[in-house]
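predicted coordinates and the sequence they were generated for:
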Amino acid sequence: MLITNVCPDEADVIICGGGGAGCVIATRLAESRPDLSILLLEQGPDNRDVHRLTRPLDSLFWLFQKNPYLKWLDCEPEDKLGGRQPRIPVGNILGGGTSINTLMYNTPAASDFDDWKQPGWTYKDLEPLIRKSINYSCPEKSGSSPHTDEGVFEVSRGGHVVSYGDVYAKACRLVLKDAEECDNITNYRTGHGFGHQPKLITQRGKRSNVADAYLHASQAKNLTVVTGATIEKVVFEKSTAVGVRVIGDNQPSAAFGKTERYSKDVKAARMVIVTCGALGTPAVLERSGVGSPDILQKAAIEVKVDLPGVGHDLDDHQLICPMYRAKEGAYEPFDEYARGVDSVKGVIDAEYDRTGKGIAASNGFDYGMKIRPTQKEIHSMGPDFAAYWKRIGADKPDKPLYSNVILPYFYSYRPPLNGKYFCVGGFHNYPASRGSIHITSSDPFAAPRAITGFLTRPEDLPVHVWYYKKQREFSRRLPFYEGEEADSHPRFDPDSPARLRYPGDLNKTDKPVEEDSIAYSAEDDKAIEQYVKENVATAYHSIGTCAMKERQRGGVVDSRLNVYGVKNLKVADLSICPSNVGTNTTSVVLLIAENASNIILDDLKDEAAHTRSRESKL
């Protein structure tokens with residue numbers, strides 16, 4: 001394999017985008033078809049050159065600083081969010097999101113895939129690919145999940161597990177009642193339970209990312225990876241994709257032989273595959289003339305295929321992260337590490353450098369929940385939600401309405417405060433609201449127009465109100481709870497029984513905390529609603545903008561990943577998901593990419609057989 005910033009003139013197969021999907025597909029194709037030249041194009045740099053990204057905790061806190069390997073997508077101001085402009089971080093480095101994410105491993109419900117209703121994409125179809133993709137080393141009951149240690153991408157408990165597991169479990173039992181207690185909750189079947197949360201960390205204590213697991217481990221000599229390459233558009237001859245136009249920004253050019261910005265067309269003899277993700281793939285298609293005529297004409301782009309589903313139905317999990325004060329000394333010094341306290345961080349980093357262990361070899365995401373509402377709670381969320389839940393999840397017990405994880409530190413893009421904190425970060429798995437993302441010009445460096453659409457459907461806001469109350473009751477039952485961090489909670493009336501608690505003023509009744517539930521008034525509910533509008537954010541799980549479904553229903557690709565209306569062009573990334581998945585998305589992008597690789601290899605084989613048959617008749 002060659003990694004370079006010099007772009008060749010042609011290849012048999014060109015893959016546009018070196019994120020999670022692109023790295024997997026490029027590796028699988030190159031290793032399975034050594035007779036074909038495979039070219040992977042990535043706008044960002046090679047991740048191997050960035051050593052800080054391999055250190056789990058340090059790289060996670062880098063998200064909250066000025067990490068140069070991610071770009072920020074600023075969305076439009078949104079009325080339902082009080083005019084706020086949500087921001088979405090996007091990986092800009094080989095490996096994509098897996099090189100810069102929070103290292104949390106999670107899995108969807110098996111029924112999520114069945115709900116796609118696409119041939120070749122049911123859970124039964126995909127389950128063998130879990131074993132092929134994931135190398136799983138976490139303790140679990142035999143047969144409780146499809147995981148094995150046979151795969152490529154390492155998932156483990158990292159180099160450290162936080163010390164509060166027993167009290168966490170006790171609080172979950174008190175609040176979640178009939179929830180299943182699991183060795184881990186990443187088993188594709190648990191929709192209402194709690195337990196260990198595995199990590200995207202190797203057994204050696206380093207970040208797991210697809211570039212390292214697949215690409216850099218490959219010995220394929222027919223694979224070329226070009227970094228620093230921006231995809232301007234797919235090049236067509238009539239209705240057939242024959243290549244891509246690439247822009248190198250201050251990169252050496254094979255065409256010109258010197259360092260400068262250049263533009264060149266790279267020929268694809270067999271196929272072009274777009275893997276730029278849910279936020280990048282629509283732009284490539286639209287700049288190529290594939291999309292809604294209204295969008296394309298405003299951007300002065302010739303319409304080649306009228307395909308209005310492109311960039312439509314942007315879907316994302318909606319995240320809230322209430323933070324709490326914790327008792328000093330209750331557990332490991334994550335906050336001190338984040339603040340860079342020399343006497344703490346230096347010792348922890350030295351242990352990590354020596355052994356690959358300790359909290360630096362962790363993200364602190366050791367325990368999580370998946371939660372479904374009771375019938376009483378469903379009724380409390382109103383008729384719009386009740387009808388929606390009946391349609392998508394009420395009879396599917398593997399679907400969690402909300403997922404969360406407890407983080408033993410101050411989790412925010414604000415500077416870490418003095419003191420000790422924990423956070424219960426959770427996201428709505430199946431929101432009804434949808435957004436969109438579209439280009440505004442033909443310039444590949446121009447920002448797109450993105451709208452999250454959060455809270456635009458009435459089904460969604462009551463879910464967040466329900467969850468806020470649930471996670472607060474859980475948090476109050478932890479023995480290290482000292483009260484709420486006020487800036488990340490609703491502004492309740494100080495005289496309300498729901499008022500925020502502070503250290504030394506926990507506002508308990510004469511009952512034990514195990515039995516002391518807060519009563520919320522209608523005014524309190526309004527305060528929670530306002531808090532959600534002011535704080536709900538992306539969970540970094542964008543999907544669905546080039547959906548795999550029928551063209552007449554807004555689809556962009558068929559079940560073989562072919563873009564409607566053209567030939568030799570496929571899309572294979574999270575943009576193809578036709579409905580949401582109840583999980584962080586790394587596990588899903590791996591399955592999409594592995595399945596896409598099989599589909600593409602089958603199509604290339606069928607094409608070769610057809611060519612030989614045609615030649616034999618001449």
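Ah, there it is.

where does C577 land on pLDDT?
We have a pLDDT of 98 for C577.

neighbours around V556, how many?
33 (other C-beta atoms under 10 Å). Where C-beta positions appear, they are placed from N, C-alpha and C, glycine not excepted.

same check, this time on K376
For K376, using other C-beta under 10 Å, the count is 7.

kindly report the same for I201.
For I201, using other C-beta under 10 Å, the count is 25.

is it bridged to anything, and to what?
R207 (DSSP bridges).

that one contacts D212, correct?
No: assessed by C-beta atoms under 8 Å, I201 is found out of contact with D212, at 11.9 Å.

quick one: T538 and D315 touch, right?
No: T538 is not in contact with D315 according to C-beta under 8 Å; the separation is 10.9 Å.

who has more neighbours out of these two?
The neighbour count for T538 versus D315, taken as other C-beta under 10 Å, is higher for D315 (25 against 19).

quick check: pLDDT value at the more buried one.
So D315 comes in at 98 (pLDDT).

equivalent analysis for N222, please.
pLDDT, N222: 98.

tell me the gap between stretch 334-344 and the middle of its chain.
28 Å (C-alpha atoms, centre = their mean, to the nearest Å).

give me the common contacts of I201 and D212.
Among the neighbours of I201, none is also in contact with D212 (C-beta atoms under 8 Å, 6 or more residues apart in numbering).

mind listing what Y105 touches?
Y105 touches V155, T186, Q197, P198, K199, L200, N584, T586, S587, counting by C-beta under 8 Å, 6+ apart.

could the residues you listed go into JSON lines alongside neighbour count, secondary structure and distance to E482?
Listed next are these as JSON lines, based on neighbours: other C-beta atoms under 10 Å; DSSP: H, G, I helix; E, B strand; the rest coil; distance: C-beta to C-beta, whole Å:
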{"residue": "V155", "neighbour count": "28", "secondary structure": "strand", "distance to E482": "33"}
{"residue": "T186", "neighbour count": "28", "secondary structure": "coil", "distance to E482": "31"}
{"residue": "Q197", "neighbour count": "25", "secondary structure": "coil", "distance to E482": "24"}
{"residue": "P198", "neighbour count": "26", "secondary structure": "coil", "distance to E482": "29"}
{"residue": "K199", "neighbour count": "28", "secondary structure": "strand", "distance to E482": "27"}
{"residue": "L200", "neighbour count": "27", "secondary structure": "coil", "distance to E482": "31"}
{"residue": "N584", "neighbour count": "28", "secondary structure": "coil", "distance to E482": "29"}
{"residue": "T586", "neighbour count": "25", "secondary structure": "helix", "distance to E482": "33"}
{"residue": "S587", "neighbour count": "22", "secondary structure": "helix", "distance to E482": "35"}
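
pLDDT and distance to V50 for those - can I get that in CSV?
Output for those, formatted as CSV (pLDDT from 0 to 100; distance: C-beta to C-beta, whole Å):
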residue, pLDDT, distance to V50
V155, 97, 22
T186, 95, 27
Q197, 95, 26
P198, 96, 24
K199, 97, 19
L200, 98, 16
N584, 96, 22
T586, 97, 19
S587, 97, 24
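
could you dump the residues you listed to a markdown table with distance to E529?
What follows is those, written out as a markdown table (distance: C-beta to C-beta, whole Å):
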| residue | distance to E529 |
| --- | --- |
| V155 | 37 |
| T186 | 32 |
| Q197 | 29 |
| P198 | 34 |
| K199 | 34 |
| L200 | 34 |
| N584 | 26 |
| T586 | 32 |
| S587 | 32 |
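
which one of these is nearest D384?
D384 lies nearest to N584 out of these, by C-beta to C-beta, at 27.1 Å.

contact partners for the closest one?
By C-beta under 8 Å, 6+ apart, the neighbours of N584 are M104, Y105, N106, A539, H541.

just the buried residues from these, in ChimeraX please.
To isolate the buried ones among those in ChimeraX, judged by 16 or more other C-beta atoms under 10 Å, type:
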select :104,105,106,539,541
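
which among the contacts of N584 gets closest to S32?
Y105 (26.4 Å).

check which helix or strand the residue lying closest to N562 once chain neighbours are set aside maps to.
Nearest-residue entry for N562: K570, 5.9 Å, with adjacent residues in sequence omitted and distances by C-beta to C-beta, 6 or more residues apart in numbering. Per DSSP states H and E: K570 is located in strand 569-571.

what comes up buried for that strand?
L569, K570, V571.

nearest to L601, of those residues?
K570 (12.0 Å).

G393 versus that closest one, what's the distance?
31 Å (C-beta to C-beta, to the nearest Å).

can you check C138 too?
Distance from C138 to G393, by C-beta to C-beta: 27 Å.

which of those two has more neighbours?
G393 (23 against 18).

which residues sit in contact with that one?
R372, K399, L401, Y430.

now with 10 Å, please.
109, 111-112, 115, 191, 372-373, 399-401, 429-430, 582 (C-beta atoms under 10 Å, 6 or more residues apart in numbering).

next one: R28
38, 132, 152, 214, 218, 220, 593-594, 596-598, 600-601.

apply 6 Å and report the result again.
By C-beta atoms under 6 Å, 6 or more residues apart in numbering, R28 lies in contact with S597.

now for N187, how many residues are close by?
Around N187 there are 21 residues (other C-beta under 10 Å).

typed the wrong thing, it's P458
The burial count for P458: 14, using other C-beta under 10 Å.

I figured it was touching G382, is that so?
No: the pair P458 and G382 fails to qualify as a contact (C-beta atoms under 6 Å) at a distance of 7.6 Å.

from the contact counts, what lies against the strand ranked longest in the chain?
When the chain is parsed with DSSP state E, its longest strand is strand 259-274. Other helices and strands packing on strand 259-274, by 3 or more C-beta pairs under 6 Å, 6 or more residues apart in numbering; DSSP states H and E, are strand 10-16, strand 240-252, strand 569-571.

now the first one against strand 259-274, angle please.
When axes from the mean of the first three to the mean of the last three C-alpha atoms, to 10 degrees is applied, the directions of strand 10-16 and strand 259-274 differ by 80 degrees.

can you dump the C-alpha coordinates of strand 10-16 into CSV?
Taking Å, rounded to 0.1, in the frame of the first residue of the first chain, the C-alpha atoms of strand 10-16 are listed here in CSV:
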residue,chain,number,x,y,z
GLU,A,10,-6.4,6.7,-13.1
ALA,A,11,-7.4,3.6,-11.2
ASP,A,12,-9.9,0.8,-11.7
VAL,A,13,-11.9,1.8,-8.6
ILE,A,14,-11.9,5.2,-7.0
ILE,A,15,-13.2,5.6,-3.4
CYS,A,16,-14.0,9.1,-2.4
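
who does it pair up with?
strand 38-42 (parallel), strand 259-274 (parallel).

mean confidence for it?
On average, strand 10-16 scores 98.

can you show me the strands along the stretch 101-250 of the chain?
134-136, 153-155, 180-184, 193-196, 223-227, 229-237, 240-252 (DSSP state E, counting those that start in this stretch).
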